[in-house]
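Engineer: I'd like to go over a predicted model; first the sequence, then the structure.
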Amino acid sequence: MILQKRLMVCASAIGLIAGATAPASAAPWVRGYVVGQYEYAFRYGGRPDFARGAEIEPGVDCKHGASVHFANDTQTKIAIARQKYRSQKEIDWVAKPPGLDEVRAPVLTRFWLWVRAVSYRGYKRDIETYVNPWAAEDPGQPQVTSRIGDGFNLDGKIKPTDFVSPDGERGVDNNLYRAWGCDAPWRGNGNATLALRANDKMQDGLYTMVVRVSGNKDPMNDDNATLEIGYSPDKIVKDARGSVAVDYSYRILQSAQYTRLKARIRNGVVETEQVEHLHSPRIAWFYDQTGDANFSKGKVRLNMSADGLTATGLLGGYRDWRELYAENTFAQNGGEQGVREHEDHVALYYALRRNADGMVNPRTGRNDGISSVYRIKAASAYVVDPENLAMEVPKLVRDEERMQSFQAIKAATIKGAENRVPQLVPPGTMEFGVGATEGLMNGLPSADFFMSTLYRQHYANEDEDGYPPWMQEYKKHPEGGFQPKKPKKPAATPAQEPKKPQNQVQNGDRVVADAKR
């Protein structure tokens, strides 16, 4: 009896060993992921500790350092001195506005004065710069000098100018990195200013991007797999530490911003086919930037962990460089972002144009596309189909007017770049600091000089303070910040009782609170 038991144990052990060494049986499988980090695939070559100021210092990526446009009055003075029609007085006064200490918000006033001045740097005083960057002199942009870059060989060629991947693959096309990799707000080791801003807004619900991989063999090795990438209408769920929570369910919409690709998997690395158009969400930190990235000749590479909990990877192809310019420039307005982030979109425009390397325009013979690679980091999730397979990407009703203004200004910019005819700034934007500049010069002794010297486009139905219709709400809002005159508070009466704060309530697409200010 004892011998029989021992023989049974031995037989069981042999069976377990055999089962452990045998290959996994083929069976349908699915892995889903929600993207928690989404940014340009730029490689940072500066100090590893990324100490203060490291983003502008020279490194192996940027031999000449990063951009410092408008970083101080000296840099601003250099930018506006390039226009021959400016007097020396105008140049000096814009750089250091006289009487600045006498206004309520001196730093803010100088900021918006600089925005107004740098928004008009064309070959004529009345040409707005950011809609017509081609009409301004190229101020120069430091470019990536490193040979190492992430990405794909999109054109099947190995050229002297191509990057080499960290793994030694030659022929890597990523000219967006070459053009913009030394732009200060995009330079960093996962912590660049604008990358952090975009990821923060994505994780807070601006948009959600999901990936689903499926096959019929082994998730780590499958030569006939499928990868789907697209938009989800469900907001990202965070855990108690503020990280992206794992294993929550997200719907994937199979309409706009969606692509289904054939793929092969080797040791957990998913390599997709190259398709004519790769549709996916694009990087954004405002609603008007959201939409379809639309990579031409696009593909995806995804590295899945064995346990399925995480995935990292790249997606890329050729993107219309004029759209990239508009998405970065008009997120707010060109001058505002440029002065704040020390980047000059005129320089970025010329850097994109000279590095464009794909999507030949048959009419002009020029390249409309630039090889671009985006980096993703994702957490495991249940990615499911919606009940209504025809469900469209939802719109944020409160920001639709802003989206329409963005589309109009992008169209004007592309039109001007193609035909070299200066375009007016469409209504509905804050380009050249319209309204803000006028309001913040209240009390500045040199205000009359600036108002008569610094050109700006005017619109129909402006009020007496120069606010166009879409900016007049700022004056009515008690916390607008741009109003030329501080609104009077209504006199309190003894009968009035203080208003008690109420709980936050869901109001359509945003949370609002009715609380006493």
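Structural biologist: Ah, there it is. Just so you know, these numbers come straight off a predicted model, no measurement behind them.
Engineer: please compute how far the longest strand anywhere in the chain lies from its chain's middle.
Structural biologist: Counting by DSSP state E, the longest strand found in the chain is strand 367-384. Between the centre of strand 367-384 and the centre of its chain there are 12 Å (CA atoms, centre = their mean, to the nearest Å).
Engineer: swap in stretch 445-459?
Structural biologist: The answer for stretch 445-459 is 32 Å, by CA atoms, centre = their mean.
Engineer: and the strands in the stretch 1-150 of the chain?
Structural biologist: 29-40 (DSSP state E, counting those that start in this stretch).
Engineer: how about the longest strand of the chain: buried residues?
Structural biologist: 367-381, 383-384 (16 or more other CB atoms under 10 Å). (Glycine included, C-beta is placed from N, CA and C.)
Engineer: and the helices in this protein?
Structural biologist: 2-21, 73-80, 88-95, 106-118, 175-180, 193-203, 321-329, 334-341, 345-355, 400-419, 436-440, 447-453, 472-476 (DSSP state H).
Engineer: so which of the ones you listed is nearest residue 222?
Structural biologist: helix 2-21 (20.1 Å; CB to CB).
Engineer: now the closest one: average pLDDT?
Structural biologist: Here helix 2-21 scores 41 as its mean pLDDT.
Engineer: same deal with stretch 135-144?
Structural biologist: Averaging pLDDT along stretch 135-144 yields 96.
Engineer: any idea of the angle the longest strand of the chain forms with helix 345-355?
Structural biologist: 100 degrees (axes from the mean of the first three to the mean of the last three CA atoms, to 10 degrees).
Engineer: follow-up on the earlier one: need the winner for burial among the helices of the chain.
Structural biologist: Across the helices of the chain, averaging neighbours per residue (mean count of other CB atoms under 10 Å) puts helix 175-180 on top, at a mean of 28.
Engineer: which strands and helices lie in contact with that one?
Structural biologist: Helix 175-180 is packed against strand 29-40, helix 345-355, strand 367-384, with contacts defined by 3 or more CB pairs under 8 Å, 6 or more residues apart in numbering; DSSP states H and E.
Engineer: residue 299 is nearest to which of these?
Structural biologist: Comparing these under CB to CB, the one sitting nearest is strand 367-384, at 10.1 Å.
Engineer: what is the burial count for residue 216?
Structural biologist: A count of neighbours around residue 216, defined by other CB atoms under 10 Å, yields 12.
Engineer: so what's it up against?
Structural biologist: Residue 216 makes contact with 26, 27, 28, 29, 222, 224, according to CB atoms under 8 Å, 6 or more residues apart in numbering.
Engineer: one more: residue 360?
Structural biologist: 366, 367, 368.
Engineer: for residue 412, state which of these is nearest.
Structural biologist: When these are compared for distance to residue 412 (CB to CB), residue 368 comes out closest, at 16.8 Å.
Engineer: what's near enough to touch the closest one?
Structural biologist: 320, 321, 322, 356, 359, 360, 361.
Engineer: can you lay out the residues you listed as JSON lines showing pLDDT and distance to residue 167?
Structural biologist: Shown next, in JSON lines, are the contacts of residue 368 (pLDDT from 0 to 100; distance: CB to CB, whole Å):
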{"residue": "320", "pLDDT": "98", "distance to residue 167": "29"}
{"residue": "321", "pLDDT": "98", "distance to residue 167": "27"}
{"residue": "322", "pLDDT": "97", "distance to residue 167": "32"}
{"residue": "356", "pLDDT": "98", "distance to residue 167": "27"}
{"residue": "359", "pLDDT": "97", "distance to residue 167": "27"}
{"residue": "360", "pLDDT": "96", "distance to residue 167": "30"}
{"residue": "361", "pLDDT": "93", "distance to residue 167": "34"}
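Engineer: now flag whichever of the residues you listed is closest to residue 410.
Structural biologist: For these, the nearest to residue 410 is residue 322 (8.0 Å; CB to CB).
Engineer: for the closest one, which non-adjacent residue is spatially closest?
Structural biologist: With CB to CB, 6 or more residues apart in numbering as the criterion, residue 322 has its nearest non-adjacent residue at 4.8 Å, and that residue is residue 414.
Engineer: again, but for residue 330
Structural biologist: Sequence neighbours aside, residue 409 is the residue nearest to residue 330 in space, at 5.3 Å (criterion: CB to CB, 6+ apart).
Engineer: and what of residue 467?
Structural biologist: Residue 467's closest residue in space is residue 435 (CB to CB, 6+ apart), at 4.4 Å.
Engineer: one step back: mind putting the contacts of residue 368 in a markdown table, distance to residue 139 included?
Structural biologist: Formatted as a markdown table, these follow (distance: CB to CB, whole Å):
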| residue | distance to residue 139 |
| --- | --- |
| 320 | 23 |
| 321 | 18 |
| 322 | 19 |
| 356 | 19 |
| 359 | 26 |
| 360 | 28 |
| 361 | 26 |
